[in-house]
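A.B. asks: Next comes the sequence, and after it the predicted model I'd like to discuss.
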Amino acid sequence: MPRRPPIGRRAALTLALWLGALVAGLAIAWRAHYVADLSAFLPAAPTPEQAVLLDQLRNGITSRLLLVAIEGAPPGTDAAGAAAARADASRRLAAALRAGNLFASVANGENAAWADAGKFVFEHRYQLSPAVDPARFTSAGLRDAIDETVALLGTPAGSLLKPILFRDPTGETVRIAEALTPARAPKSEHGVWVARDAPRALLLATTRADGGDLDGQERALSAIQSTFDRIATPGLRLVVSGAGRFAVDSRERIKAEVERLAILGSVVVVALLLLAFASLRALLVALVPVATGVVAGIAAVSLVFGQVHGMTLGFGTTLIGEAVDYAIYFLIQARGGPGSSERWQRESWPTVRLGLFTSLIGFAALVFTGFPGLAQLGIFSIAGLAAAAATTRFVFPVIAPDGVPGAGFRRQLGRFMRAAAAALPRARWAVVVLAVLAVAALAASPSPWRGELSSLSPVAPADLAVDAALRADLGAADAGTLVAVSASSEQGALASAEAVGARLDRLVAAGALQGYDSPARLLPSAATQARRRDALPDASTLGSRLAEATADGPLPASRLAPFIADVAAARTQAPIERRDLAGTALGVGVDALLVSGAATRPWRALVNLQTKEGEPLDSERVRAAVADVPGARVVAVKAELDAIYARFLAAAEWQGALGAVAVLGLLALRLKSVSRLVAVALPVAAATLVVLAALTLAGTALGILHLVGLLLTVAIGSNYALFFDHLREQAEVDSDTLASLLLANLTTVASFALLATSHIPVLQAVGIVVAPGALLCLVFSAALLGRRGAVRGVGAHGKIAP
Amino acid sequence: MPMRLLPRQTDSLGACQAARRVWLIAGAALALGGAATAAPAFDLGALTTLLGRVRSGEATFVETRRVEMLDRTLMSSGRLSFRAPDSFVRETLKPRHEKLAVDGNTLTMSLGERSRTMQLDASPEAAVIVEAVRGTLTGNRAALERLFEAMVTGTAERWTLELVPRDLRLRGQVQSVRLSGREATVREVQVLLADGDRSLMTIEPVAGPRTP
């Protein structure tokens, strides 16, 4: 063992700095806020329409909606009996959930559940009814309204009206109800909602917990399940879907996935290191930059984003695979006694550093994709790789100046690599043929770039299908269109919603629109309420007009004293405010459509458009109709989401191209030779083309993540080409260097291959591109850049490391 | 991706349940129509076969309603038409213009400039009355038997079909619908509500019955 020089001041300073940074990083990582919600998969919003949409997806009340279905049949029941059992379970489940405090509302189609809302509407009918205006309370208006109401009597609907007939002869309650009635509603059977095309009862529960409060969502979900288990007849099944369900499930999946990837990634890397060194000390030393990198990555993400997403940690396993490469290069290549680490710093570090820079460029592209989740991955990898490389460069010469002992199977690896490097150049034409075939296949195939935003979602397609089915049953199937109005105050938003409503009424009358939901129907603006109040005549005026209006009519004025009293009372009634609706079904309806403003966010009212069945909505016509309402925007949900994705894909293509150009520029700076640059770029380009063609032929829908994967392939794969180029410059190549190259490649390929097995689409998409891409880059580099004669020559008399 | 989780009409579904009932039933209660020709009938099978031969028809109607709370009987009149398999329109011309159109599961009610569209099966009370009339006019035995206990009395020349809702919940609202007619023509529809109110609609075919 050669004598080790004493640790100098400079070395001591290096160690102190490193340890200090490590401790600080650990402290930040320890205190970091770890999350696993779905919003990381949503892009940042570039346009106001998209801001409305994404705001709703993240924070809107719909993120609090849970769709509940009861399916199955108790043993020994026929179809009718099973339906009755499901209806009974629906009623009992709804009653039990309403009794608890986890849900703002539970709807299952029972009328009784809306008694409170009905009472509120009735008591405030002269403030809520769209029909209330001065003309309504003239003799002619009263006569007309009473005739209309009387026409309902003698029908089943009339039975509901009769108890309030003498208090509401003009039918204001009916008018309000009419305006609130959705055109598409679930089928009703045995008094509860059921699906039309499947034997299942349906409920709609709104949690009190926010959509983003995953613990609250989880409590709500388990309350539904445990309540169902308690009340349901054996044979019945519970199905729950909705945003909260997806979010909670995804969190579980991401957690499990991160653990799996971290464990497998560590096992693979440890196994490879043991294979390479067969030494525990070597293993521990090699893990130092890896651990430093992981800590640095987490700390950087936490500092930049204020939180760390579980998916970022899952992706971090690839960092293990990459960061360990630096250790491998150093520990193997810097062996050889005193001064060897200085020699490594001089001869090999520039190449490693160049490889680091190309990788950093690749990951930098992630930072600018506009998806917070991907930006985290980028920051994590950049900080992690830089820290790992710096640790290798500055700390290793202090703690392991002579590399580490132990050869493991490196000799065999080196020999294999040498043989491969000697043989592969003979197959260089095969590489060229493969690349040409890949180009031909790509030219002949339809574009594979057809990924959608939803392809980024970790929600399983089967779960989405269940969700779509339940939504269809509940009459809320398709992504629709809404008009969003922004204002600086609640009253402003409501007034704008009313202005939009007035314009939409014309479209409804013209048959261009089925109907719409507006928050102003449940909570009219103060101005509208005042206008309606002012339309109400005083008792004596009303009495005399009523006498005229009812002359010869079926309803004698003498019985309508309660009506006159109620109108008189309404003239002094306090206006309805939002807090009056709190806790009622109407409050839930308003919350869904009226989004409270904050310091940085305007008040927003959402008006949902209902299209005619089978007729697409003419968005342009709606846009033209509401164009003169300030702050009104028409948002077509599906179109906007598609536009968001298309925009990001286009941006990502530019970023990918820029990234590739940056990598090339970096290589050109270093290589200072066009022919060498071309030589280095060729194997990487061929590998990228082959991977792209293979994925295309396999029918994979490619999206942003695949593009990111391709860029990473270029960034990481160019390292191997560089090394072969570097080796070409050297007089002799030792097997250890070749072995280190193979090992570094294997750790990278293995860690990305693990990602390819992930159930999280974001990770899977990157893994499935980079794993084969990196491997092909090594093989193609060996084939195109290896010098048959030279490598063989070196092999014949070159150094074989001990 | 929860992209389909934007606020939809689901939010206000429940709140509007009662409302919808009121409306559906309102229009639906008034439904009826008539036409036809053919052979004698003693049971439901024979009657629906007879009625099913008529694919479409038009008629006028006069309806009287007795409502316990009102001092006098309500009268209305208008036009009816139907077309197999599942379209039915009732247009009231007097005392005020109203229109009720059913097509499959879609129910559209128009009053002046206002018009509402709803789904029939979302409101079983309305479906009971619509189906009693539409199912009888089109001879849809399956639809009738699914919803009602049906009893036919009389002969093909002069028959009466008594329909009682199977669902006890619905029977709490609509006690029975009794249709009577001659041959393949429905001439009278009588609705008896659980609260004692009743309506009687008499039907007069206008154009002769059309058989394909």
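C.D. replies: Yep, it's here.
A.B. asks: quick one: low-confidence ranges for chain B?
C.D. replies: B:1-41, B:207-212 (pLDDT under 70).
A.B. asks: What are the boundaries of the helices in it?
C.D. replies: B:10-13, B:17-28, B:44-52, B:124-137, B:141-147, B:168-171 (DSSP state H).
A.B. asks: buried residues in stretch A:496-513?
C.D. replies: Of all the residues in stretch A:496-513, those buried under the rule 16 or more other C-beta atoms under 10 Å in any protein chain shown are A:496-501, A:503-505, A:507-508, A:512-513. In short, each C-beta sits where N, CA and C put it, glycine included.
A.B. asks: swap in stretch B:148-157?
C.D. replies: Buried residues in stretch B:148-157 (16+ other C-beta under 10 Å): B:148, B:150, B:152, B:154, B:156.
A.B. asks: all strands for the chain, in order.
C.D. replies: With no chain named, the answer covers chain A. Secondary structure of chain A (DSSP state E): strands located at A:34-35, A:65-72, A:103-107, A:187-189, A:192-194, A:200-207, A:236-242, A:308-309, A:481-487, A:515-517, A:594-595, A:603-610, A:632-636.
A.B. asks: other chain: chain B
C.D. replies: With DSSP E as the criterion, chain B has strands at B:56-66, B:74-83, B:87-94, B:98-103, B:106-111, B:114-119, B:148-154, B:159-165, B:174-182, B:185-193, B:198-205.
A.B. asks: Let me know the angle separating the fifth one from strand B:114-119.
C.D. replies: In other words, strand B:106-111. 160 degrees (axes from the mean of the first three to the mean of the last three C-alpha atoms, to 10 degrees).
A.B. asks: Would strand B:106-111 count as contacting chain A?
C.D. replies: Yes. Counting by C-beta under 8 Å from any C-beta of the partner chain, chain A is contacted by strand B:106-111 at B:106, B:111.
A.B. asks: now do stretch B:186-199
C.D. replies: Yes. Stretch B:186-199 is in contact with chain A by C-beta under 8 Å from any C-beta, via B:191, B:193-195, B:197-199.
A.B. asks: got the contact list for the closest residue to residue A:717 other than its chain neighbours?
C.D. replies: Once flanking residues are discounted, residue A:717 sits nearest to residue A:777: 2.9 Å by C-beta to C-beta, 6 or more residues apart in numbering or on different chains. Residue A:777 makes contact with A:683-684, A:687, A:713, A:716-718, A:720-721, according to C-beta atoms under 8 Å, 6 or more residues apart in numbering or on different chains.
A.B. asks: and the nearest residue to residue A:546 once chain neighbours are set aside, what does it touch?
C.D. replies: Nearest residue to residue A:546, sequence neighbours excluded (C-beta to C-beta, 6+ apart): residue A:557, at 5.0 Å. Under the criterion of C-beta under 8 Å, 6+ apart, the neighbours of residue A:557 are A:543, A:546-547, A:549-550.
A.B. asks: possible to save the buried residues of stretch B:148-157 as TSV with distance to chain A?
C.D. replies: Below are these laid out as TSV (distance: C-beta to the nearest C-beta, whole Å):
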residue	distance to chain A
B:148	14
B:150	17
B:152	23
B:154	26
B:156	31
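A.B. asks: Make JSON lines out of those and add distance to residue A:143.
C.D. replies: Shown next, in JSON lines, are the buried residues of stretch B:148-157 (distance: C-beta to C-beta, whole Å):
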{"residue": "B:148", "distance to residue A:143": "38"}
{"residue": "B:150", "distance to residue A:143": "41"}
{"residue": "B:152", "distance to residue A:143": "44"}
{"residue": "B:154", "distance to residue A:143": "43"}
{"residue": "B:156", "distance to residue A:143": "47"}
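A.B. asks: thinking again about what came up before, max pairwise distance over the residues of stretch B:186-199 next to chain A: which two?
C.D. replies: Farthest apart among the residues of stretch B:186-199 next to chain A by C-beta to C-beta are B:194 and B:199. That separation is 13.5 Å.
A.B. asks: If you count surrounding residues, which of the two has more?
C.D. replies: residue B:199 (26 against 14; other C-beta atoms under 10 Å in any protein chain shown).
A.B. asks: separation between residue A:151 and chain B?
C.D. replies: 7 Å (C-beta to the nearest C-beta, to the nearest Å).
A.B. asks: I figured residue A:389 was touching residue A:354, is that so?
C.D. replies: No. Counting by C-beta atoms under 8 Å, residue A:389 does not reach residue A:354; the two are 11.0 Å apart.
A.B. asks: one step back: need the contacts of residue A:557 in JSON lines (columns: distance to residue A:125, pLDDT and neighbour count).
C.D. replies: Below are those laid out as JSON lines (distance: C-beta to C-beta, whole Å; pLDDT from 0 to 100; neighbours: other C-beta atoms under 10 Å in any protein chain shown):
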{"residue": "A:543", "distance to residue A:125": "19", "pLDDT": "93", "neighbour count": "17"}
{"residue": "A:546", "distance to residue A:125": "17", "pLDDT": "93", "neighbour count": "25"}
{"residue": "A:547", "distance to residue A:125": "22", "pLDDT": "93", "neighbour count": "15"}
{"residue": "A:549", "distance to residue A:125": "18", "pLDDT": "91", "neighbour count": "25"}
{"residue": "A:550", "distance to residue A:125": "20", "pLDDT": "90", "neighbour count": "20"}
